[in-house]
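Colleague: structure for this input, please:
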Amino acid sequence: MLKPPAVRRRQPDGAGPTRPAGGAGEPGRDSAIERVLVIKLGALGDFVQALGPFAAIRRHHARAHITLLTIAPFVEFAAKSGYFDAVWRDSRPPPWAAGAWLALRRRLGRGGFERVYDLQTSDRTGFYHWLMGPGRRPEWSGIARGCSHPHANPRRDPMHTLERQAEQLAGAAIAEVPPPAPPWVEADTGRFGLSGRYVLMVPGGAAHRPAKRWPVAGYAELARRLAGQGLQPVLLGKGAEAAVTGAVAARVPGARDLAGETSLPEIVALARQAASAVGNDTGAMHLIAVAGCPAVVLFSAVSDPALCAPRGPGVTVLRRDDLAELPVSEVAASMTLR
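Modeller: Numbering: from 1, shown residues only. Just a heads-up that it's a prediction; the model follows:
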């Protein structure tokens, strides 16, 4: 049985530091498992909702060497969490990239993993289970065909992500999964020069799913109302969403547009200090919610909050089949200011 290396060096593709001194929980209740792989790819919201399972796996395997396989945008964020001893970047090779698949197979084999927690549970990660080969295939929690710890509930798809992942881990003897939270995150937001109270606004979202966006006019009117109460509207988004955030900011004197300027830790830090937040069903709202900021999240008919709504201590969900029919007055009345 392989043992964790005596000295853990940073992996060249973004492996993280060892967990904080003293461990991240009780001594491992499954001490026979010494090398663990956790797989979580997906979008930002999906990754944020896996923070609770990450913490639960770390607590259960407190003495194990745990590796996370994830995608590039989350490598640095995950490496600082203390949940993992190494973080590997998955390039998600296309089907025709035979060389990349062989390299991935060799890497997974060299990892010497005794258990895998597949929190992605996709066709791709099911193929990773097959790729590891029958002679060296580890224990596997997920839905891959023939895996040792299957999440076999036929009603798993209609479950909210958090309940589904908790039930999956229960099948691998991890009984307690905490709510998602990023307690390790530290970031200095002073460079943004914000003063006084502010409200975060996230008016963007996936460009190929415009129905998930509340109209710019709605955000602009809401921002004007907030500004009239002495609250500075602060707009967040990816660089590609600058046209949307800019259109809102242009209509509201004093609004601050930070599209493309904030890292994941900075979004968390801004949310911890914000009076409130409002935004579409998009990844940044998941981060804002788990940071403890009161948040109103807007859903249309194209996504179901019962399956994927952000969770947090102060989250309110508003839904209309067509978000253009959601009045500004209702959104404003639903906001909690602190």
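
Colleague: pop the domain breakdown of this protein in here.
Modeller: Per automatic domain parsing, the structural domains of the chain span 35-170, 190-334.

Colleague: could I get those domains as a markdown table with distance to Pro178 and mean neighbour count?
Modeller: Just so you know, the C-beta spots here come from the backbone N, C-alpha and C atoms, and that holds for glycine as well. Formatted as a markdown table, the domains of the chain follow (distance: least, CB to CB, whole Å; neighbours: other CB atoms under 10 Å):
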| stretch | distance to Pro178 | mean neighbour count |
| --- | --- | --- |
| domain 35-170 | 5 | 18 |
| domain 190-334 | 11 | 19 |
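
Colleague: got a markdown table for those, with mean pLDDT too?
Modeller: Output for the domains of the chain, formatted as a markdown table (pLDDT from 0 to 100):
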| stretch | mean pLDDT |
| --- | --- |
| domain 35-170 | 95 |
| domain 190-334 | 95 |
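
Colleague: can you redo the ones you listed as a markdown table with distance to Ala181?
Modeller: What follows is those, written out as a markdown table (distance: least, CB to CB, whole Å):
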| stretch | distance to Ala181 |
| --- | --- |
| domain 35-170 | 6 |
| domain 190-334 | 5 |
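
Colleague: let me know which of those domains is the nearest to Trp184.
Modeller: Proximity to Trp184 (CB to CB) singles out domain 35-170 among the domains of the chain, at 5.4 Å.

Colleague: endpoint to endpoint, that closest one covers what distance?
Modeller: 19 Å (CA to CA, to the nearest Å).

Colleague: ditto for stretch 281-300
Modeller: End-to-end distance (CA to CA), stretch 281-300: 9 Å.

Colleague: what's the distance between the residue nearest to Leu235 when sequence neighbours are not counted and Leu119?
Modeller: Take Leu235 and drop its neighbours on the chain: the residue closest to it by CB to CB, 6 or more residues apart in numbering is Thr245, 4.0 Å away. Per CB to CB, to the nearest Å, Thr245 is found 31 Å from Leu119.

Colleague: tell me the secondary structure at the spatially most central residue of the chain.
Modeller: Centroid-nearest residue in the chain, with CA atoms, centre = their mean: Val48, separated by 2.0 Å. Secondary structure, DSSP: H, G, I helix; E, B strand; the rest coil: Val48 is helix.
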